[in-house]
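Enquirer: here is the input, now give the coordinates:
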Amino acid sequence: MEQAVGQLQELLQTAFPHKDEVYYLLGNAYRKQSNWQQAMNYYHRAIELNPQSPALHARQMVVDILNFYNKDMYNQ
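Expert: Numbers count the residues shown, from 1 in each chain. Presented below is the predicted three-dimensional model:
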C-alpha cells in the first residue's frame, strides 16, 4: 500500500494534479491503511473536482464506519 500511495502522490505532483480519480484512489489506499482522516481528505478533494465521483459513495462508507465505532465495546 505504501508503494501505491507513493506512486499516486507522484502522479498528483507531475501529471494529473486535477484528476479526481487519483484523489479517489489515494483515498482508497489510505482507507485500507485505516488512515480515516487522510482518506476523507482525498475523497473530499475528488468530490470537489467531480461531484459525480465514486468518492461520494466511498466517503459515506467511511462516515458509516466511523459512526459505527463504539469505544465502550473495546473496553470490555
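Enquirer: can we go C-alpha only for contacts and neighbour counts from here?
Expert: OK.
Enquirer: low-confidence bits of the chain, can you list those?
Expert: 7, 70-76 (pLDDT under 70).
Enquirer: quick check, central residue of it?
Expert: Gly27 (1.9 Å; CA atoms, centre = their mean).
Enquirer: okay, now Asn35: neighbour count?
Expert: 13 (other CA atoms under 10 Å).
Enquirer: returning to that earlier point: wait, isn't the residue nearest to the centre of the chain in contact with Gln37?
Expert: No - counting by CA atoms under 8 Å, Gly27 stays clear of Gln37, with 9.3 Å between them.
Enquirer: helices of the chain, residue ranges please.
Expert: 2-14, 20-32, 36-49, 55-68 (DSSP state H).
Enquirer: thinking again about what came up before, nearest residue to the residue nearest to the centre of the chain other than its sequence neighbours?
Expert: Of all residues not flanking Gly27 in the chain, Ala39 sits nearest, at 4.0 Å (CA to CA, 6 or more residues apart in numbering).
Enquirer: quick check: which of the helices of the chain is buried the most?
Expert: Comparing the helices of the chain by mean neighbour count (mean count of other CA atoms under 10 Å), helix 20-32 comes out on top with a mean of 22.
Enquirer: so how far is Gln3 from Glu48?
Expert: According to CA to CA, to the nearest Å, Glu48 and Gln3 sit 26 Å apart.
Enquirer: what does Gln60 give?
Expert: 26 Å.
Enquirer: who touches stretch 27-35?
Expert: Residues from elsewhere that reach stretch 27-35, judged by CA atoms under 8 Å, 6 or more residues apart in numbering: 1, 4-5, 36, 38-43, 55, 58, 62.
Enquirer: dihedrals phi and psi, Ser53?
Expert: phi -60, psi 150 (degrees, to the nearest 10).
Enquirer: that's all I had, so thanks and see you.
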